[in-house]
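1. pasting the sequence and the predicted model now:
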Amino acid sequence: MKVIKLSIFFFLIALSSKAQEKKQIMLEDIWQKGTFSAKSVAGINWTSDGRFYTSLVADASGNSNIVKFETTSGNAVDTVLRGRTLKLADGSTLEIDEYQFDASGNQVLLTSNFESIYRRSYKADFYIYDFKSKSLKPVSTAGKQSYTTFSPDGLKLAFTRDNNLFFVDINSGAEKQLTTDGKWNFIINGSTDWVYEEEFSFAQAFFWSPDSKSIAFYTFDESKVKEYNMQLWGDLYPKDYKFKYPKAGEANSTIKINVTDVSSGKISNIDLGDDKDVYIPRINWTSDPSILSVRKLNRLQNKLEIIHVNVISGQRNVVLSEESKSYVDVENNDELTYLKDKKSFLHASEKDGFKHLYLHAMDGKLINQITIGKWEVSEVAGIDEKAKLVYYVSTEDSPLERQLYSISFNGKNKKKITQNRGTYSFDFSPDLKYFLSYFTTANTPNVVSLHEAPSGKVIKVLQDNAELVKKMGTFNLSKKEFFSFKLKDSETTLNGYTIKPANFDASKKYPVLMFVYGGPGSQQVLDSWGGGNYFWFQMLAQKGYIIACVDNRGTGARGKDFKHITYAQLGKIETEDQIEAAKYIGSLGYVDASRIGIWGWSYGGYMSSLCLFKGADVFKTAIAVAPVTNWRFYDTVYTERFLKTPQENASGYDDNSPLNHVSKLKGNLFLVHGTGDDNVHFQNSVEMQNALIKANKQFESFFYPNRNHGISGGNTRLHLYNAMTDFIQRKL
């Protein structure tokens with residue numbers, strides 16, 4: 001693969017200029033003006049033969065157009081659909097948010113008026129545009145839909161609305177309601193409940209069979225799940241918003257997996273055994289339209305079964321079973337692909353201590369392990385069945401990087417395709433002959449390029465963000481630098497990074513602000529672009545602070561033992577590591593050890609507050625944004641995966657709850673939360689404040705009315721970062 005040096009060259013030239021000639025970063029540059037916004041190539045749809053791809057491209061008037069590009073040259077060859085030509089019944093112009101073609105390419109499904117619900121769920125208006133008749137028509141006139149999806153043959157559509165599942169015959173326009181028992185906060189058909197959406201990372205819960213004759217879908221019975229109540233502020237009387245949220249140890253939804261024949265509307269329930277207190281984190285159709293693959297986890301998530309169900313006969317077979325003393329991580333081992341030969345499937349597992357790929361026969365028998373080594377496969381990028389080749393992204397070079405490799409199904413002929421040090425992600429064409437590469441480093445923004453496969457030869461650089469890199473060169477920036485250190489009384493090393501002031505002088509003493517997340521399987525120390533926080537850290541460095549970040553034990557990309565060591569005792573080892581990291585940083589000759597602070601968001605807010613309490617003699621200041629303060633307040637799926645239930649492991653919940661360590665506070669705490677946080681409830685910060693008041697500890701706090709876990713919207717982020725910057729300058 002040809003080395004792409006353009007952005008790196010620009011950045012190094014920029015750094016060579018004299019610091020005193022550079023501009024200072026303002027918060028408005030980051031959170032208001034978009035001064036440092038990186039460009040990408042988005043909305044990619046490949047043609048089935050891989051010869052062309054399309055993308056959403058805005059014209060000079062801001063209208064979104066679907067533009068067709070030739071793969072071999074990367075050049076635009078046609079504007080397939082012009083947004084300004086799409087007129088609705090009221091005379092307005094349809095704004096395209098997303099699009100998908102049917103299998104023939106003769107029709108395109110357009111998404112407009114996108115309305116987010118939670119992290120992944122949404123509803124929108126959907127329209128079908130027919131290229132032959134040049135006609136535009138709504139999918140349904142009965143209200144917004146969710147997850148509208150073509151059948152594989154392109155003749156039908158399925159969607160959900162009001163907790164029910166529907167399908168539409170495109171030729172006749174006839175709409176048919178497949179379920180009728182959907183009801184808010186009781187029964188959900190074809191969509192997930194809150195906890196599945198958040199923790200198993202999907203919201204659409206219906207799936208077309210390969211022959212387009214059937215739809216497999218989930219039904220969630222939430223009737224026994226307790227409600228969480230948020231008040232929405234703004235009117236004379238605040239409104240109550242109640243939704244089902246299962247907290248650790250409490251009742252989950254009861255799950256059913258169903259299959260409906262779309263022609264008759266007949267629905268059959270899949271028998272998955274007597275134990276109903278289980279999770280079904282994934283279902284997939286195999287290449288055989290009569291066989292549905294179901295992944296089943298027990299409540300504690302330490303036993304996984306892959307079950308093949310014959311949807312005609314109802315026969316079910318457990319073809320693969322995996323158990324762990326801690327947990328089986330389906331969320332981060334999601335790769336399960338059924339090959340078109342109907343004889344085998346590819347599966348990812350951590351069972352040898354690192355996430356690797358395995359090839360199994362359809363009856364579950366292991367054919368061979370495809371990848372092996374003390375490194376991890378982070379994702380499968382593509383599977384070329386004709387060449388019997390897997391393209392995968394891995395940490396083999398370094399846990400700080402993501403590189404592309406190919407390997408034969410038999411585990412031989414491994415080849416590294418990428419060359420630049422940094423982090424890659426990929427989008428392969430359906431025929432696996434081409435791919436788009438998205439490449440960043442810690443100090444350079446996105447470079448998008450088009451390549452041939454399997455050689456990796458560059459066809460064209462589509463976006464190098466040269467304009468942004470040039471702009472960065474006019475500001476007083478420092479390079480993010482990586483380091484590692486060895487834990488005391490251990491052979492384990494931890495990875496970290498620092499950002500020092502541009503005019504750094506090793507003979508001076510600098511205050512340090514540490515950034516932490518630290519949750520299971522996460523990673524912050526990565527040779528990858530950091531976005532908004534990167535520039536805020538640069539701004540703080542300009543004000544004389546050193547920024548530091550260390551990935552503690554329990555984080556990802558370094559194998560199962562490193563990640564699972566925190567099992568059943570969240571917060572213990574992680575805070576020990578962060579405290580030791582702060583002591584190590586404080587021992588450096590240019591650091592003022594009396595002025596070390598720490599901040600984090602969500603799990604990071606949990607960590608920063610716990611570090612300030614348990615490391616009271618080490619940390620002077622902490623900011624906790626939207627923190628978990630007691631895992632008893634958080635959801636079943638995530639919390640029980642790492643802690644078991646409160647009934648089984650009460651000490652694991654209580655021993656490292658920040659609420660139980662507030663009496664140790666000596667330094668400065670700034671507590672921030674959104675009152676509309678559906679994920680980490682405002683309750684966490686309310687209870688933290690109560691505990692601090694009871695302990696007669698002074699602190700500062702700020703709440704953001706109706707803001708969710710991301711605390712965003714309008715100038716909210718600007719306000720938040722102004723408040724945090726002010727606190728740091730006053731208290732650190």
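-> Nice, I can see it.
2. what distance do you get for the most far-flung residue of the chain relative to its centre to Ala568?
-> The C-alpha centroid of the chain is most remote from Ser507, which lies 41.5 Å away (Cα atoms, centre = their mean). Ser507 is 46 Å from Ala568, where distance means Cβ to Cβ, to the nearest Å. Any C-beta I mention is one placed from the backbone N, CA and C, and that applies to glycine too.
3. please confirm that the residue farthest from the centre of the chain is located within a helix.
-> No: per DSSP: H, G, I helix; E, B strand; the rest coil, Ser507 lies outside any helix segment and is coil.
4. so who does it touch?
-> Listed by Cβ atoms under 8 Å, 6 or more residues apart in numbering, the contact partners of Ser507 are Tyr590.
5. quick one, phi/psi of it?
-> Backbone geometry at Ser507, expressed as degrees, to the nearest 10, gives phi -80, psi -10.
6. all helices for the stretch 601-732 of the chain, in order.
-> Assigned by DSSP state H, counting those that start in this stretch, the helices in the stretch 601-732 of the chain fall at 603-614, 636-643, 650-654, 683-694, 716-731.
7. repeat for the stretch 251-400 of the chain
-> Secondary structure of the stretch 251-400 of the chain (DSSP H, counting those that start in this stretch): no helices present.
8. now for the residue nearest to Ser263 when sequence neighbours are not counted, how many residues are close by?
-> Once flanking residues are discounted, Ser263 sits nearest to Lys213: 7.1 Å by Cβ to Cβ, 6 or more residues apart in numbering. Using other Cβ atoms under 10 Å, Lys213 has 16 neighbouring residues.
9. and Lys213, what does it touch?
-> Listed by Cβ under 8 Å, 6+ apart, the contact partners of Lys213 are Asp261, Val262, Ser263, Pro289.
10. do Gly554 as well
-> Listed by Cβ under 8 Å, 6+ apart, the contact set of Gly554 reads Gly518, Gly519, Pro520, Phe562, Lys563, Ile565, Thr566, Leu570, Ile573, Glu574.
11. which one of the residues you listed is nearest Lys479?
-> Lowest distance from Lys479 to those (Cβ to Cβ) belongs to Gly518, with 24.0 Å.
12. circling back: out of the contacts of Lys213, which is most surrounded?
-> Using other Cβ under 10 Å as the neighbour test, the contacts of Lys213 are led by Val262, with 19 neighbours.
13. my guess is that residue contacts Val168. True?
-> No: contact criterion Cβ atoms under 8 Å: Val262 and Val168 do not qualify, at 10.2 Å.
14. give me the common contacts of those two.
-> When contacts are counted by Cβ under 8 Å, 6+ apart, Val262 and Val168 are jointly contacted by Lys156, Ala158, Lys176.
15. ok, back up a step: just the ones of the contacts of Gly554 in helices?
-> Mapping the contacts of Gly554 onto helices (DSSP state H) picks out Phe562, Lys563, Ile573, Glu574.
16. if I look at the third one, how far off is Asn503?
-> If I follow you right, that is Ile573. Counting by Cβ to Cβ, the gap from Ile573 to Asn503 is 37 Å.
17. do the first one as well
-> Computed with Cβ to Cβ, the distance linking Phe562 and Asn503 is 37 Å.
18. look at these two and report which has more neighbours.
-> Phe562 (20 against 13).
19. before we move on, back to that, adding distance to Val618, write the contacts of Lys213 out as CSV.
-> Converted to CSV, those look like this (distance: Cβ to Cβ, whole Å):
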residue, distance to Val618
Asp261, 64
Val262, 62
Ser263, 67
Pro289, 60
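20. tell me the least confident of the residues you listed?
-> Ranked by pLDDT, the contacts of Lys213 bottom out at Ser263, which has 90.
21. need the max-distance pair from the contacts of Lys213.
-> Checking the contacts of Lys213 with Cβ to Cβ, the most distant pair is Ser263 and Pro289, at 13.9 Å.
22. what residue is smack in the middle of this protein?
-> Central residue of the chain (Cα atoms, centre = their mean): Ser201, at 7.8 Å.
23. so where is the protein shaky, pLDDT-wise?
-> 1-20 (pLDDT under 70).
24. for stretch 71-82, measure first residue to last.
-> Stretch 71-82 has an end-to-end distance of 21 Å (criterion: Cα to Cα, to the nearest Å).
25. need the residues that contact it.
-> 50-54, 57, 59, 63, 65-70, 96, 108, 129, 131, 429, 433-434, 450, 459-460, 462.
26. mind checking how far that stretch is from the chain centre?
-> Between the centre of stretch 71-82 and the centre of its chain there are 30 Å (Cα atoms, centre = their mean, to the nearest Å).
27. do the same with stretch 224-233
-> 25 Å.
28. go on, stretch 79-96?
-> Using Cα atoms, centre = their mean, the offset of stretch 79-96 from its chain centre is 32 Å.
29. now stretch 675-689, how far from the centre of its chain.
-> Here the centre of stretch 675-689 is set off from its chain's centre by 22 Å, with Cα atoms, centre = their mean.
30. in the stretch 451-600 of the chain, which spans are strands?
-> Applying DSSP state E, counting those that start in this stretch to the stretch 451-600 of the chain gives strands spanning 458-463, 480-486, 493-499, 510-515, 546-550, 591-601.
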